[in-house]
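sharing a model that was predicted from the sequence below.
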There are 2 protein chains.
Amino acid sequence: MAEPDLPRLLLEASRALGTEVVASLDERGFPDARPGHAVLFMHIDRRWGTRLTDLARRARMTKQGMMLVVDELETRGYVRRVPDPEDARAKVVRLTARGRRYVAEARRAVAAVEARARRELGERRYEVLWSALEELAGAAGDSPET
Amino acid sequence: MAEPDLPRLLLEASRALGTEVVASLDERGFPDARPGHAVLFMHIDRRWGTRLTDLARRARMTKQGMMLVVDELETRGYVRRVPDPEDARAKVVRLTARGRRYVAEARRAVAAVEARARRELGERRYEVLWSALEELAGAAGDSPET
DNA sequence: CGCCACCGTCAACCAGATTGACCGGCTCTT
DNA sequence: AAGAGCCGGTCAATCTGGTTGACGGTGGCG
């Protein structure tokens, strides 16, 4: 009956896993985690930080969009904006100590969910899934290279 | 470098395909198509229509959320709300003639995108992708039964 | 009848992201 | 050295796609 279409199925899978990651993070002591934070913590340099524009480009979103994420993470005390010594226009988004712990846990949580998926699907199907997704995501939505 | 995580990859693939469907619909003469319309046109009964609540349940969203979609589709002339003869509380969301054409084209567009994916990925990988997605979507995000 | 469940709706709100405008600092060319 | 124009971050407005909460009218049952 339901007979979902492929885009919808992809979306639901994404949401399911995202929710799972957030729940896991909640258990690990970060109750204010949200799926959108991933665009930052998967791309930020953990030691020295990363410029807003670079974060945005890596996450393939607008800098304004990334700014909202950074704003929130900053008010929560996970990152700070420090002036870039090499360019007075720029600021470096840098993790606080708490932010580093958050990012570490978040990456672990993501890895755990991925590991569970790999275990449940089996190695081969997981590999196929991953490569198929890369093709689908890249085919229509991506510029050739960065 | 990019090293995306699985939830993000799923999301990006979903968006890429969704965009593709909308673009295809645009070419087919429905320039106001949007990805969100799929929650309706994949679930509505094409002849007699379907109750709002049923649509919402099938699409696994709130009735208020579905109402927004129905509202928009109604102002665009794709559906009408007619009273349900069997239950004075209920209304049936019924396709107009134009709505039927829209739904037909939309389903074709989705099918075309899926066919392209199947062709590019190959039959076997496509099957694996689909079943893996069902497992992922179902495992964490679904209630046991409806 | 009285009660509760259910349908559609109004209202408020939130998350995530976009486009447009802008200011100030950088850099390249002349 | 001086513009001219590009680039980094920000403010503001807007949009999509949902959510929860409350409520009026109807149905169904004891």
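It's in.

where's the spatially most central residue of chain A, which helix or strand?
By Cα atoms, centre = their mean, chain A has its centre lying nearest to A:Ala38, at 2.2 Å. Assigned by DSSP states H and E, A:Ala38 falls within helix A:38-41.

do that helix and chain B meet?
Yes: Helix A:38-41 is in contact with chain B by Cβ under 8 Å from any Cβ of the partner chain, via A:38-39. Placement of C-beta: from N, CA and C, glycine included.

from the middle of its chain, how far away would that helix be?
3 Å (Cα atoms, centre = their mean, to the nearest Å).

does it reach DNA strand D?
No: judged by Cβ under 7 Å from any atom of the strand, helix A:38-41 stays clear of DNA strand D, getting no closer than 12.8 Å.

adjacent strands (with direction) for whichever helix or strand comes after that helix?
Downstream of helix A:38-41, the first helix or strand assigned by DSSP H and E is strand A:50-51. Here strand A:50-51 is paired, per DSSP bridges, with strand A:91-95 (antiparallel).

average pLDDT for the partner strand?
Mean pLDDT, strand A:91-95: 98.

buried sites along the next helix or strand after that strand?
Scanning forward in sequence from strand A:91-95 by DSSP H and E, the next helix or strand is helix A:97-121. Within helix A:97-121, the residues that count as buried by 16 or more other Cβ atoms under 10 Å in any protein chain shown are A:99-100, A:102-103, A:105-106, A:109-110, A:113-114, A:117-118, A:121.

about what we covered before: average pLDDT for the helix holding A:Ala38?
pLDDT averaged over helix A:38-41 gives 95.

return the alpha-carbon coordinates of it using CSV.
Only the C-alpha atoms of helix A:38-41 are listed here, as CSV (Å, rounded to 0.1, in the frame of the first residue of the first chain):
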residue,chain,number,x,y,z
ALA,A,38,26.7,17.7,11.8
VAL,A,39,27.3,20.1,9.0
LEU,A,40,29.7,21.9,11.3
PHE,A,41,31.3,19.1,13.3
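
run through who's touching it.
A:18, A:21, A:55, A:59, A:61, A:66, A:69-70, A:73, A:79, A:93, A:102-103, A:106-107, A:110, B:5, B:7-8 (Cβ atoms under 8 Å, 6 or more residues apart in numbering or on different chains).

can you rerun that using 7 Å?
Outside helix A:38-41, the residues that touch it by Cβ atoms under 7 Å, 6 or more residues apart in numbering or on different chains are A:55, A:59, A:61, A:66, A:69-70, A:73, A:103, A:106-107, B:5, B:8.

what of stretch A:66-86?
Counting by Cβ under 7 Å, 6+ apart, A:32, A:36-37, A:39-40, A:51-52, A:55-56, A:59, A:90-96, A:98-99, A:102 sit against stretch A:66-86.

tell me which residues in the helix or strand harbouring A:Leu68 are buried?
In the assignment (DSSP H and E), A:Leu68 maps to helix A:63-75. Residues A:66, A:69-70, A:72-74 are the ones in helix A:63-75 that count as buried (16+ other Cβ under 10 Å).

so how far is the helix or strand just after that helix from its chain's centroid?
Downstream of helix A:63-75, the first helix or strand assigned by DSSP H and E is strand A:79-83. Offset of strand A:79-83 from its chain centre (Cα atoms, centre = their mean): 19 Å.

report the inter-axis angle for strand A:79-83 versus helix A:63-75.
110 degrees (axes from the mean of the first three to the mean of the last three Cα atoms, to 10 degrees).

do strand A:79-83 and DNA strand C meet at all?
No: using Cβ under 7 Å from any atom of the strand, strand A:79-83 stays clear of DNA strand C, with a minimum separation of 9.4 Å.

next, see if that strand gets close to DNA strand D.
Yes: using Cβ under 7 Å from any atom of the strand, strand A:79-83 comes into contact with DNA strand D via A:Arg81.

quick check: mean pLDDT of that strand?
97.

pull out the buried positions in it.
Those would be A:79-81, for strand A:79-83 by 16+ other Cβ under 10 Å.

look at A:Asp32 and give its secondary structure.
coil (DSSP: H, G, I helix; E, B strand; the rest coil).

roughly how far does it sit from A:Leu136?
A:Asp32 sits 32 Å away from A:Leu136, taking Cβ to Cβ, to the nearest Å as the criterion.

comparing these two, which residue is more hemmed in?
A direct count of neighbours by other Cβ atoms under 10 Å in any protein chain shown for A:Asp32 and A:Leu136 places A:Leu136 higher, at 26 against 13.

wait, the more buried one touches B:Glu12, no?
No: A:Leu136 lies out of contact with B:Glu12 (Cβ atoms under 7 Å); the separation is 8.3 Å.
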